[in-house]
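1. the sequence isn't on hand, but the structure is:
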């Protein structure tokens, strides 16, 4: 859904319509949580649509891009458990992504020197080049996505989202 900078912030959107419909069906229910949760889900879906084409053009999914990014920005080679934590993914999903990214030559696994049961992950030169090339493109798409919010609104939104994440254990 595209908005214009001069559009009033109180314009009716899909969440308002859904709340009105629920009020008709269940007038006894307080649907105000949808103001935040519904819009967060819609924003997440819209953001995925805005950035996914960039990573798809390179044969990646956004979660695979996130895995490669976590490895690239890490100060030390991460473990699969560290990747799962950094990307908020399940162990099974992380394993699947790591297997694929290793198979296509973007990641390499090295046994830990102290504990051979643990593997450390690092990018191959091809994987590092890919992320270094893709990151500016993804950031440009994210800039375009949030362009209708001025710096103050972006800062306020980021602050509010940080509070929500912290209060929910992230």
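-> Thanks, I have it. Bear in mind that the values here come from a model prediction, so they are computed numbers and not experimental data.
2. give me the pLDDT value at residue 11.
-> Listed pLDDT for residue 11 reads 85.
3. confirm that it sits in a helix.
-> No. Secondary structure of residue 11 (DSSP: H, G, I helix; E, B strand; the rest coil): coil, not part of a helix.
4. that one - how many residues pack around it?
-> 9 (other C-beta atoms under 10 Å). To be clear about C-beta, it is placed using only N, CA and C from the backbone, and glycine gets the same treatment.
5. for it, phi and psi?
-> The phi/psi pair for residue 11 (degrees, to the nearest 10) reads phi -60, psi 140.
6. check contacts around the residue nearest to residue 94 when sequence neighbours are not counted.
-> Spatially, and ignoring its direct neighbours in sequence, residue 94 is nearest to residue 84 (4.2 Å; C-beta to C-beta, 6 or more residues apart in numbering). Contacts here follow C-beta atoms under 8 Å, 6 or more residues apart in numbering; on that basis residue 84 touches 90-91, 93-94.
7. pLDDT of the helix or strand harbouring residue 101, averaged?
-> Residue 101 belongs to helix 91-103 when elements are defined using DSSP states H and E. The average pLDDT within helix 91-103 is 96.
8. helix or strand right after it?
-> strand 107-111.
9. so what secondary structure elements neighbour the helix holding residue 101?
-> Contact analysis of helix 91-103 by 3 or more C-beta pairs under 8 Å, 6 or more residues apart in numbering; DSSP states H and E lists helix 62-73, helix 80-87, strand 107-111 as its packing neighbours.
10. show the model's pLDDT score for the residue nearest to residue 94.
-> Looking at residue 84, its pLDDT is 94.
11. buried ones in the host helix or strand of residue 141?
-> Under the criterion of DSSP H and E, residue 141 resides in helix 125-145. Going by neighbour count (16 or more other C-beta atoms under 10 Å), the buried part of helix 125-145 is 127, 130-131, 134-135, 138, 141.
12. do the same with stretch 79-86
-> Neighbour-count burial for stretch 79-86 [16+ other C-beta under 10 Å]: 79-80, 82-84, 86.
13. quick one: those as JSON lines, columns for distance to residue 33 too.
-> Compiled in JSON lines, the buried residues of stretch 79-86 are given as follows (distance: C-beta to C-beta, whole Å):
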{"residue": "79", "distance to residue 33": "37"}
{"residue": "80", "distance to residue 33": "35"}
{"residue": "82", "distance to residue 33": "33"}
{"residue": "83", "distance to residue 33": "32"}
{"residue": "84", "distance to residue 33": "29"}
{"residue": "86", "distance to residue 33": "29"}
